[in-house]
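Student: From the sequence below, what's the structure:
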Amino acid sequence: MKTRITELLGIEYPVVQGAMARIADGGLAGAVSEAGGLGIIACGGARPEWIRDQVARARALTSKPIGMNVMLMDPRADEVAELVVELGVEVVTTGAGSPANYMKAWKEAGVKVVPVVASSALAARMERLGADAVVAEGTEAGGHIGELTTMALIPAVCEKVSIPVIGAGGIVDGRGMLAAFALGAEGVQCGTRFLTVEECGVHEAWKEKVLAAKDSDTIVTGRGTGHPVRGLKNKFARECRK
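Tutor: Below is the predicted model:
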């Protein structure tokens with residue numbers, strides 16, 4: 001299957017593995033890339049030595065393109081941004097801020113830059129900065145979220161930019177991928193779906209909880225802080241919501 005996303009990123013399938021902090025390591029990213037998608041190593045909160053180890057781990061699993069995610073509000077963002085160039089990854093995704101300070105260095109190194117956005121206005125701003133594509137991530141996504149739903153966000157972003165759009169948020173199978181493509185996306189990003197695979201190192205009990213979850217089994221915490229997060233409902237999450 002060929003789209004502008006597969007051609008841009010040098011992948012076989014227009015499927016990107018989401019950068020899940022402390023979950024998306026080199027083992028998972030390397031396996032996804034080797035299977036034909038794009039694996040992303042989540043670098044938020046990670047030490048440089050860990051990042052180097054995980055990129056090496058992914059490279060040992062595949063010769064295909066891999067990516068790193070830079071969480072821009074990370075105190076180590078400057079250092080991680082430099083590692084993107086030093087380690088020679090093919091793609092960088094960004095979130096929680098603007099990558100403006102790093103765009104020149106990344107583009108000069110030939111890195112494809114794909115920011116995650118939660119609004120059409122932010123998508124347009126990223127295109128003006130020189131982004132190669134954007135991930136339009138709706139509020140159905142796990143982890144840190146925006147306010148707009150995936151179904152509303154994807155077409156709004158597609159109408160605002162000329163660069164390729166990757167749809168994300170609640171997409172777990174072919175039906176979701178088809179819906180995203182019908183709305184104008186040319187690729188999809190999946191996070192939670194990859195959390196459940198054999199190559200992901202999270203505990204089996206957590207994978208089982210995710211797989212058994214119903215549509216009403218998630219909860220959003222942190223709205224009062226300005227950094228809402230979607231996760232599974234449990235006693236701890238309910239307490240955090242108060």
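Student: Let me see the domain layout of the chain.
Tutor: Domain assignment for the chain by automatic domain parsing gives 4-202, 214-242.
Student: Compare the ones you listed and give me the one nearest residue 208.
Tutor: Comparing these by their distance to residue 208 (C-beta to C-beta), the top pick is domain 4-202, with 8.8 Å. In this view, the C-beta of every residue, glycine as well, is placed from N, C-alpha and C.
Student: Endpoint to endpoint, that closest one covers what distance?
Tutor: 33 Å (C-alpha to C-alpha, to the nearest Å).
Student: ditto for stretch 145-165
Tutor: For stretch 145-165, the first-to-last residue distance is 18 Å (C-alpha to C-alpha).
Student: residues in contact with it?
Tutor: 3-5, 8, 117-121, 123-124, 126-127, 131-141, 167-171, 179-180, 183-187, 220, 228-230 (C-beta atoms under 8 Å, 6 or more residues apart in numbering).
Student: Tell me the gap between the longest helix along the chain and the middle of its chain.
Tutor: Ordering each helix of the chain by length in residues (DSSP state H) puts helix 48-61 first. Distance, stretch centre to chain centre, for helix 48-61: 18 Å (C-alpha atoms, centre = their mean, to the nearest Å).
Student: Quick check: buried residues in that helix?
Tutor: For helix 48-61, burial by neighbour count (16 or more other C-beta atoms under 10 Å) applies to 51, 54, 55, 57, 58, 59, 61.
Student: May I have the residues that are in contact with the closest residue to the fourth one other than its chain neighbours?
Tutor: For residue 57, the nearest residue in space outside its immediate sequence neighbours is residue 26; the separation is 3.2 Å by C-beta to C-beta, 6 or more residues apart in numbering. Taking C-beta under 8 Å, 6+ apart as the contact definition, residue 26 lies against 41, 53, 54, 55, 56, 57, 58, 61.
Student: 7 Å instead?
Tutor: Residue 26 makes contact with 41, 54, 55, 57, 58 under the criterion C-beta atoms under 7 Å, 6 or more residues apart in numbering.
Student: now swap in residue 64 and tell me
Tutor: With the criterion set at C-beta under 7 Å, 6+ apart, residue 64 makes contact with 33, 34.
Student: measure it to residue 186 for me?
Tutor: Residue 64 is 19 Å from residue 186, where distance means C-beta to C-beta, to the nearest Å.
Student: so residue 18 makes contact with residue 189?
Tutor: Yes. Using C-beta atoms under 7 Å, residue 18 makes contact with residue 189 at a distance of 5.1 Å.
Student: I am finished for the moment; much appreciated.
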